[in-house]
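Participant: Pasting the sequence and the predicted coordinates here, then a few questions.
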Amino acid sequence: MGTPLADRSRHGLFRYLTADESADYLAIMDLFSATLLTDLSAAEVAAELAERGLAVDRDIAETRCRQLVAWGNLVPSLRDARVSTVAEYIRSRSRYQVSKLGGRLHREAVAILHASDGAREVARELLGQIVQSLDRILAMLDRNQIDADALAGEVTTVFGNQRVFTESVRDFYAYLAGILSRYDLGGEEYAQFKELLLVYIDLITADVNRHAPAVAHRIGSVLELIDPLLDALTQLPSLTLPDGTPVERSQGRTRSDWEELASWYDASHGASGPEQLRAAAGQALGQLITNAKRLLDSSGTGFPGVPTSSGSPDGSPPLMTTALTGSTRPHSAPIRPGICCSARMSPTRGSGLPRHGGTQIRYTFPCRCANAATARCEGAVPAFPIRPPTGSA
């Protein structure tokens, strides 16, 4: 989806989040964002903050509110009041309300401040819902009488589901990139994230591969009927401001909205959403393999945790923790001198991962363990299937 140019005059809206008194500003914005049309004076702000355990003098509360007005987070709200003194009258007229953009920004800020540091689950089930909503839209447009309210609901559902899906995908891959770039990732933790990559990402990619062509085909059909669709939506009561200020409308009410949605699913160019997801899956796998090689090489033995002696102190065969799984299950297999094993992995259908020889990817790591000279390797069997090379000594 296209992103309009930012209005630099709105940068001040963010200042309360990083100001030295940010705790006061956040608490004040919480008060104004708690309910609709909250109207408070500085004295009322100070009293409500005191009830929440934050002691703020009335004059300080007045200063904070005025600063939020200057930044654009609050707007003045004048209201007549019954008072006994001129001072009380002046104070009573200094009332404030949250601005539209100030309230939206604060809701997003609070959501981020309370968000988990863990991975966000991808809302992949919404792709199927988008297909069903598009089917219903096409069925409505095929009728002589179009139910404009029902049509508007389905249009809003399509774009709402698309927004939630793309946001969840971005959050998930951003989290995954942070994990795969860690140099302290190893052992059991590495094994868990390997499973996440090979199973969950493949599940996401498979769903995209299954639903994206259906969505793209249906959006193309909607674009052929875009004029009657937009005409039906314009028949609904809408908001029009008397001063001519543009109204922020729901997505799907313009031709450009549908063209941008179609572009996200368009498989004819490499910048489409499904293509980006497949590329991200391949990139993540590449980083996983890079981490595996780093873990193997960092020990100086070929695998982390491999003992340099021919066995453990108790006389048992040496164990080594593989970089692929973190397991320590021993095995003994004949090998060619200098080679431990050849790891192979068969990509799951629909994963979009690279293949070698048409069916599988093979990786060979040099053996530097203590038993290489005797052509015996006491090692662990990782989750990637291990096959000792044929024709070994």
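Facilitator: Arrived safely.
Participant: Quick check: the gap between R95 and T85.
Facilitator: R95 sits 17 Å away from T85, going by Cβ to Cβ, to the nearest Å. From N, CA and C alone the C-beta is placed, and that goes for glycine too.
Participant: I'd like the next helix or strand past the one helix or strand N209 maps to.
Facilitator: For N209, the element it lies in under DSSP states H and E is helix 202-224. Using DSSP H and E, the helix or strand that directly follows helix 202-224 along the chain is helix 226-234.
Participant: what packs against that following helix?
Facilitator: helix 125-141, helix 148-180, helix 255-265 (3 or more Cβ pairs under 8 Å, 6 or more residues apart in numbering; DSSP states H and E).
Participant: Quick one: mean pLDDT for the second one?
Facilitator: For helix 148-180, the per-residue pLDDT values average out at 91.
Participant: With the shortest one instead?
Facilitator: Taken as a whole, helix 255-265 has an average pLDDT of 94.
Participant: Count the residues that sit near Q67.
Facilitator: Q67 has 18 neighbours, counted by other Cβ atoms under 10 Å.
Participant: what comes up buried for the helix holding N209?
Facilitator: For helix 202-224, the neighbour count (16 or more other Cβ atoms under 10 Å) marks 202, 204-209, 211-212, 214-216, 218-219, 222 as buried.
Participant: Closest to E48 out of the residues you listed?
Facilitator: I204 (44.9 Å; Cβ to Cβ).
Participant: what's near enough to touch that closest one?
Facilitator: 122, 124, 169, 172, 277, 281 (Cβ atoms under 8 Å, 6 or more residues apart in numbering).
Participant: what's the farthest-apart pair in those residues?
Facilitator: The widest separation within these (Cβ to Cβ) is 13.2 Å, between R124 and A281.
Participant: Pick out whichever of those two has more residues nearby.
Facilitator: A281 (21 against 18).
Participant: pLDDT wise, what is the more buried one at?
Facilitator: In the prediction, the pLDDT value recorded for A281 is 82.
Participant: Might one say that it is in contact with A206?
Facilitator: No - counting by Cβ atoms under 8 Å, A281 stays clear of A206, with 10.3 Å between them.
Participant: Would you mind saying which of the helices and strands packed on helix 226-234 lies nearest E62?
Facilitator: Closest approach to E62 among those (Cβ to Cβ): helix 148-180, 38.4 Å.
Participant: what about S268, which SS state?
Facilitator: Secondary structure state of S268, per DSSP: H, G, I helix; E, B strand; the rest coil, is coil.
Participant: Report the contact partners of it.
Facilitator: Taking Cβ under 8 Å, 6+ apart, we find S268 in contact with no residue.
Participant: separation between it and A174?
Facilitator: S268 is 27 Å from A174, by Cβ to Cβ.
Participant: and what of I289?
Facilitator: According to Cβ to Cβ, I289 stands 21 Å off from A174.
Participant: who's more crowded, these two?
Facilitator: Legend: neighbour count by other Cβ under 10 Å for I289 and A174, higher for I289 (17 against 11).
Participant: Quickly find the element holding the more buried one.
Facilitator: Counting by DSSP H and E, I289 is found in helix 273-298.
Participant: which helices and strands does that helix pack with?
Facilitator: By 3+ Cβ pairs under 8 Å, 6+ apart, helix 273-298 packs against helix 148-180, helix 187-195, helix 202-224, helix 255-265, strand 361-366.
Participant: And these: which comes nearest L296?
Facilitator: Among these, strand 361-366 sits nearest to L296 (Cβ to Cβ), with 5.7 Å.
Participant: That'll do, ta.
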